[in-house]
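S.K.: What follows is a predicted structure for the sequence shown.
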Amino acid sequence: MFGSQQQNSAGNQDVLRRIEVPMEACEPAVAGPLHVDAGGTVATGFMVFDDDDRLLELNSALFETGDVSRGALNGSGVCDVIRLLLPDLKSFAGEPVSQTRFLEREIARRWALADGSPIEVETQSGRWKLFTTHPRPGGGRAFISVDITQFKKAQLQLQQNEELFRCITESHPLPVWMADADSGEILYESASASQMLGHSQTADNVCSIADHVVAADDLDEIKVLLVEQDGFLRDHEVRLRRQDGSDLWVSATVRAGMFHGREVLIAGVLDLTERKQKQAELEQARALLRDAI
C-alpha cells in the first residue's frame with residue numbers, strides 16, 4: 001500500500017538533488033601523487049581513478065578506520081581499493097557484505113555502470129552512505145560517497161511506523177480507512193473495509209470516501225464535530241453505499257491526524273445494518289399492534 005521501494009528510490013534521488021559536489025574537488029592537481037587527508041569530519045568522500053582504473057586520489061571520509069596507508073593505495077586498481085573498503089561495510093545495495101572476490105568484482109561492476117545509479121551502503125559502525133559514479137572529463141572515473149545516516153534513520157523509522165500501522169489495521173477485526181481531510185481521497189483501506197464496501201484493494205482508480213457516503217452533508221457534519229471535539233469523534237452513525245449500490249448503516253469513530261504532511265481522517269466503523277433492520281421490524285410490529293388495539 002505504501003510502496004516502500006518507490007519511496008526509497010525517490011528519497012535517494014531527492015538526496016542527490018540536494019548534494020552539490022564540484023568536480024574540481026575530485027580532480028587532483030597532478031596525476032601522480034596520492035592524497036589522503038588527515039581529517040575525519042568531512043561528510044562527502046571521494047576516490048578518483050585514471051582511465052586505466054588506477055587510483056589517483058581519495059579522502060579519508062571514504063573509510064571508517066582512518067588507518068589507510070599512502071603506500072598501500074598509491075596506483076591501486078579498483079578491486080584492490082574495494083578489498084580494503086570491504087571490512088568497513090555491513091551491506092551493499094541491500095545485500096550483506098562478505099569478504100569474497102566475487103563480491104569485489106560485483107561491486108566494481110556496479111560502480112562501472114554508465115548510468116551512475118546511486119548505491120546505498122551501510123557501514124559496520126551503523127552509518128549509511130550513498131555512492132555514485134561520475135566520468136571525468138579527461139578520462140577515468142570519480143566515486144562520490146555522501147553520508148545519508150540521518151536521512152536513512154528517518155526513512156527506516158517511517159518504514160517501521162508504517163509496518164506497525166499496517167500490522168495493527170490489517171489484524172483489526174473492524175474496517176479501517178484513512179482519507180485526506182480536504183479531498184476525501186482514500187489513502188489507506190484495510191482488507192475488512194474493502195470487503196465491507198464490496199470492491200478490490202488493488203483497484204487502480206482513486207477512490208474518495210465521498211463516493212461511499214450516501215448523504216454528502218454527513219462528511220461536513222463530521223468535520224465540524226471533529227473541530228468541536230478536539231479532533232476525536234466517537235460512535236457517529238453514517239449511512240454508506242456499497243459498490244453494488246446497496247446501503248448499510250455504520251457507527252464511525254473518527255480521529256484527525258497527520259500523514260506524510262497531509263491532514264487526514266482515520267476512521268474505524270462498526271456495521272449497524274442488521275441492528276437497524278431489527279429496530280425497523282420491531283417498530284413496524286409495534287405500529288401493527290397499536291392499530292390492532
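M.R.: Thanks, I have the structure now. Residues are numbered from 1 along each chain as shown.

S.K.: And the strands in the stretch 1-150 of the chain, which stretches?
M.R.: Secondary structure of the stretch 1-150 of the chain (DSSP state E, counting those that start in this stretch): strands at 44-49, 55-58, 89-92, 95-96, 119-123, 128-135, 141-147.

S.K.: Within its sheet, name the partner strands of the last one and how each one runs.
M.R.: As defined by DSSP bridges, the strand partners of strand 141-147 come to strand 44-49 (antiparallel), strand 128-135 (antiparallel).

S.K.: Point out the most buried one among these.
M.R.: Sort the strands paired with strand 141-147 by mean neighbour count, taking mean count of other Cβ atoms under 10 Å, and strand 44-49 sits at the top with a mean of 21. (C-beta placed from N, C-alpha, C; glycine too.)

S.K.: can you list the strands paired with strand 141-147 in JSON lines and add mean pLDDT?
M.R.: Listed next are these as JSON lines, based on pLDDT from 0 to 100:
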{"stretch": "strand 44-49", "mean pLDDT": "86"}
{"stretch": "strand 128-135", "mean pLDDT": "88"}
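
S.K.: residues contacting the nearest residue to residue 96 once chain neighbours are set aside?
M.R.: Closest residue to residue 96 apart from its sequence neighbours, by Cβ to Cβ, 6 or more residues apart in numbering: residue 90 at 7.2 Å. Shown in contact with residue 90 (Cβ atoms under 8 Å, 6 or more residues apart in numbering): 96, 97, 122, 123, 124.

S.K.: Now, of the residues you listed, which are buried?
M.R.: By neighbour count, with 16 or more other Cβ atoms under 10 Å, those hold 97, 122, 123 as buried.

S.K.: ok, so of those residues, who is nearest residue 180?
M.R.: Nearest to residue 180 out of those is residue 122 (Cβ to Cβ; 34.6 Å).

S.K.: Who does that closest one form a beta bridge with?
M.R.: Beta-bridge partners, per DSSP bridges, of residue 122: residue 91, residue 128.

S.K.: what does residue 134 give?
M.R.: For residue 134, the beta-bridge partners under DSSP bridges are residue 142.

S.K.: what about it, distance to residue 113?
M.R.: With distances taken as Cβ to Cβ, to the nearest Å, residue 134 is found 12 Å from residue 113.

S.K.: repeat for residue 198
M.R.: 47 Å.

S.K.: So between those two, which is more surrounded?
M.R.: The residue with more neighbours, out of residue 198 and residue 113, is residue 198; 14 against 10, by other Cβ atoms under 10 Å.

S.K.: Now for the closest residue to the more buried one other than its chain neighbours, how many residues are close by?
M.R.: Using Cβ to Cβ, 6+ apart and skipping the chain neighbours, the partner closest in space to residue 198 is residue 243 (4.0 Å). Neighbour count for residue 243, taken as other Cβ under 10 Å: 14.

S.K.: pretty sure residue 243 contacts residue 197?
M.R.: Yes - the criterion here is Cβ atoms under 8 Å, and residue 243 meets it with residue 197 at 5.9 Å.

S.K.: Name the secondary structure element that contains residue 177.
M.R.: Assigned by DSSP states H and E, residue 177 belongs to strand 176-180.
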